[in-house]
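[1] The following comprises the amino acid sequence and a computationally predicted model.
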Amino acid sequence: MISTIGTTTIQTTAPNSLVMNPTSMLVEMKSFIPSSFTFETEIQKIKQELLTSNLDCSAKDETNEQYLYDMQDIIDHLPKLPEIQQQKLTIPEFDEIEVKATDSVEIKKFIRKVNYEFLGFHCNHKVMDKDCDMVYKNISDIYKSEEFKTYDNFVSLVAECVWQIRDKDRRGKV
């Protein structure tokens with residue numbers, strides 16, 4: 001399942017899981033302006049290529065080609081942003097195993113222990129859910145931080161440099 005919040009795509013792989021891909025968040029963060037739609041689209045495509053190390057560095061001029069390799073190298077040396085995954089706990093449901101009067105003391109003890117563990121009494125799921133939500137909130141705060149905006153801005157500037165290098169290469173300039 002894929003959900004879209006604003007321009008950010010959040011992919012869910014299971015009903016109770018959430019995957020936040022920082023690459024797509026960097027690529028899709030900019031809002032599109034109709035007059036510069038093709039330019040913005042091209043910049044977003046270049047950002048995607050840079051962040052996934054798939055930039056086409058071929059150019060007519062050897063100097064321009066080296067510049068493109070340098071741009072990819074710059075992005076490759078930035079710290080990588082891990083893909084964040086959060087999964088809400090799914091509490092399995094088990095039927096309680098009944099203790100029979102004919103069971104031995106050891107079997108009764110074992111059944112009580114199994115019931116205790118399988119029925120989830122030993123695990124505080126509310127606290128675990130709260131911790132998962134807190135991790136998600138902290139991660140979303142990172143994406144709203146000035147540092148992330150600076151990172152995104154830097155990648156955008158490099159993408160614009162790549163666009164300019166390609167544009168000049170098309171026109172036969174260095």
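    That came through fine.

[2] where does the nearest residue to Asp76 once chain neighbours are set aside land in three-state SS?
    Spatially, and ignoring its direct neighbours in sequence, Asp76 is nearest to Ser53 (6.0 Å; CB to CB, 6 or more residues apart in numbering). Any C-beta I mention is one placed from the backbone N, CA and C, and that applies to glycine too. The local conformation at Ser53, judged by DSSP: H, G, I helix; E, B strand; the rest coil, is coil.

[3] Give the burial count for Lys113, as a bare number.
    When neighbours are defined as other CB atoms under 10 Å, Lys113 has 11 of them.

[4] Who are the contact partners of it?
    Contact partners of Lys113, counting by CB atoms under 8 Å, 6 or more residues apart in numbering, are absent.

[5] Can you check my assumption that Gly172 lies in a strand?
    No: going by three-state DSSP, the assignment for Gly172 is coil, not a strand.

[6] and the closest residue to it other than its chain neighbours, what does it touch?
    Counting by CB to CB, 6+ apart, Lys60 is the residue found nearest to Gly172 once chain neighbours are left out, at 7.0 Å. Lys60 sits next to Asp169, Arg170, Gly172 when contact means CB under 8 Å, 6+ apart.

[7] Can you give me the distance of Lys60 to Val162?
    15 Å (CB to CB, to the nearest Å).

[8] ditto for Glu117
    56 Å.

[9] which of those two has more neighbours?
    Set side by side, Glu117 and Val162 show more neighbours around Val162, with 24 against 12, by other CB under 10 Å.

[10] Tell me who's in contact with that one.
    So Val162 contacts Ile46, Leu50, Leu55, Leu68, Met71 (CB under 8 Å, 6+ apart).
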